[in-house]
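J.: Turn this into a structure:
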Amino acid sequence: MTEKELMLTALLECDRADLCLDPKPLSDSDQKRLDEMHGRRQKGEPLQYILGCCEFFGIKLFVDHRVLIPRPETELLVEEVLKRVDKNKSLKILDLGTGSGNIAVSLAKFLPRSQVTALDVSLEALKLAQDNAHFHSLRDKINFICQDMNVYLAQGQERAFDLIVSNPPYIAKGKLKDLPLDVQQEPKLALDGGENGLDFYKTIIPQAARLLKQGGSLFLEIGEDQRKDIENIFSEYHFYQNIEFLKDYCSRDRMIVAQIKE
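T.: So this is what the prediction gives:
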């Protein structure tokens, strides 16, 4: 659909087919709201924020300025998890930096026997993630925790999780100003990966090994140019095996899967 069609379907709470098959003139109030939506878009505000929602892995999620907008590349991360696990097992999963809850909600929905812990340092982001979990009747499947990732990884229960999944911030601080205008309106907290974009990997990779069960797996989304640096981080630790880099739709290195040695 075009952006105008997306705005109209959101405004009128209808499907695209209704716009064609049963077109109706907009009321004065609807036209005013549509004009406001166009004005916000012209100022560079992300369309998803204007609509108040987006689709991720086939499910509707609420999004606003509190959270990063879920990307198609992260759908691949969820898909990879689902391909590699036994859906009949009761898995314990940790989602680090849950944001909108897109990963946590998707995994809780498609792995119904599993229990997900969703962590974020932003209380406002967690509130929205909880709304998404409630919308999909998954609130009892997800335990939301507001805490700094460094603290949780250092103090969390050992060998508590079968899987740890994360799409951490990985944009180098100096490159934030060069991002497209609409992306710059997303939370800096969810984008800023430190001086070289690697801060969170330097925390997650060594610490996740303590929280994962033997044979458990770590799934991470990475920046397209970070493979070599992340290989170097992994080379410092010897408790991982079967380390794989996987590509996105454009054949760029985008994900890593690593297993704890048994």
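
J.: Show me what counts as buried in the helix or strand bottoming out on mean pLDDT in the chain.
T.: Using mean pLDDT, DSSP states H and E, the weakest-scoring helix or strand in the chain turns out to be helix 16-21, at a mean of 83. Using 16 or more other Cβ atoms under 10 Å as the test for burial, helix 16-21 gives residue 19. C-betas here are computed from N, CA, C, even on glycine.

J.: swap in stretch 146-158?
T.: In terms of neighbour count (16+ other Cβ under 10 Å), stretch 146-158 has its buried residues at 149, 152, 153, 156.

J.: picking up where we left off before, export the least confident helix or strand of the chain as PDB, just CAs?
T.: The C-alpha coordinates for helix 16-21 follow below in PDB (Å, rounded to 0.1, in the frame of the first residue of the first chain):
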ATOM      1  CA  ARG A  16      -7.300  -1.500   1.500                       C
ATOM      2  CA  ALA A  17     -10.100  -3.200  -0.400                       C
ATOM      3  CA  ASP A  18     -12.700  -1.100   1.400                       C
ATOM      4  CA  LEU A  19     -11.000   2.100   0.000                       C
ATOM      5  CA  CYS A  20     -11.600   0.800  -3.500                       C
ATOM      6  CA  LEU A  21     -14.800  -1.100  -3.200                       C
END
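
J.: Mind giving me the packing neighbours of it?
T.: helix 3-12 (3 or more Cβ pairs under 8 Å, 6 or more residues apart in numbering; DSSP states H and E).

J.: Check what contacts the helix it packs on and list those residues.
T.: Contact with helix 3-12 is made by 1, 14-16, 18-19, 24, 30, 33-34, 37-38, 41, 47, 50-53, as judged by Cβ atoms under 8 Å, 6 or more residues apart in numbering.

J.: Span of stretch 153-172 from start to end?
T.: 22 Å (Cα to Cα, to the nearest Å).

J.: how about that stretch: buried residues?
T.: In stretch 153-172, counting by 16+ other Cβ under 10 Å, buried: 153, 156, 161-172.

J.: as a whole number, average confidence for that stretch?
T.: For stretch 153-172, the mean pLDDT works out to 96.

J.: got it, and stretch 245-259?
T.: Averaging pLDDT along stretch 245-259 yields 96.

J.: In three-state terms, label residue 165 for me.
T.: The assignment at residue 165 comes out as strand when based on DSSP: H, G, I helix; E, B strand; the rest coil.

J.: just residue 40 next, same as before
T.: Assigned with three-state DSSP, residue 40 falls in the helix class.

J.: Spatially nearest residue to it, not counting backbone neighbours?
T.: Closest residue to residue 40 apart from its sequence neighbours, by Cβ to Cβ, 6 or more residues apart in numbering: residue 50 at 5.2 Å.

J.: in which helix or strand would I find the one you found?
T.: helix 47-51 (DSSP states H and E).
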